[in-house]
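Undergrad: sequence and predicted structure are below.
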Amino acid sequence: MARVAGEKALAVNRAEILEIVRHQQRENPKVKLSQQEMQQQIQNVEKITIGDMAVSNFTQLVLLGLTLALPGGIFLRE
């Protein structure tokens with residue numbers, strides 16, 4: 001799916017993740033990060049690849065499926 005979406009979609013995804021990371025760094029008073037840690041987070045976002053995006057999407061779908069399938073199997077059985 002990520003390969004079909006292309007580099008443009010990956011760039012948009014990176015920009016959205018970067019915006020979220022920067023917002024969390026500003027707005028979360030409980031977590032005090034050093035300047036080096038903040039830069040490391042930003043560098044990690046910039047290094048996201050198509051494979052990383054595909055693995056992340058797959059993992060989220062599998063976990064969501066398991067979360068819904070187990071209770072559904074218990075309560076919807078005959």
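TA: Looks like it came in fine.
Undergrad: and the spatially most central residue of the chain, helix, strand or coil?
TA: For the chain, the residue nearest the mean C-alpha position is S56 (6.2 Å; CA atoms, centre = their mean). Of the three states, S56 takes helix under DSSP: H, G, I helix; E, B strand; the rest coil.
Undergrad: how about the one 3 residues further on?
TA: For T59, the secondary structure call by three-state DSSP comes out as helix.
Undergrad: from M38, how far out is it?
TA: To M38, T59 is 26 Å away according to CB to CB, to the nearest Å. (Glycine included, C-beta is placed from N, CA and C.)
Undergrad: do R22 as well
TA: 9 Å.
Undergrad: before we move on, what about R14?
TA: Applying CB to CB to R14 and M38 gives a distance of 17 Å.
Undergrad: ditto for L18
TA: 12 Å.
Undergrad: also K47?
TA: Distance from K47 to M38, by CB to CB: 15 Å.
Undergrad: now do V45
TA: 11 Å.
Undergrad: more crowded one of those two?
TA: V45 (18 against 14; other CB atoms under 10 Å).
Undergrad: which element, helix or strand, includes that one?
TA: Per DSSP states H and E: V45 is located in helix 35-46.
Undergrad: how many other residues sit next to L10?
TA: With other CB under 10 Å as criterion, L10 counts 17.
Undergrad: pLDDT wise, what is it at?
TA: Confidence at L10, expressed as pLDDT, is 82.
Undergrad: that one against I50, yeah?
TA: Yes - assessed by CB atoms under 8 Å, L10 is found in contact with I50 at 5.9 Å.
Undergrad: neighbours of M53, how many?
TA: For M53, using other CB under 10 Å, the count is 19.
Undergrad: ugh, wrong one, A11
TA: Count around A11 with other CB under 10 Å applied: 10.
Undergrad: other SSEs contacting the helix or strand it falls within?
TA: Element membership of A11, judged by DSSP H and E, is helix 2-27. With contacts taken as 3 or more CB pairs under 8 Å, 6 or more residues apart in numbering; DSSP states H and E, helix 2-27 sits against helix 35-46, helix 50-75.
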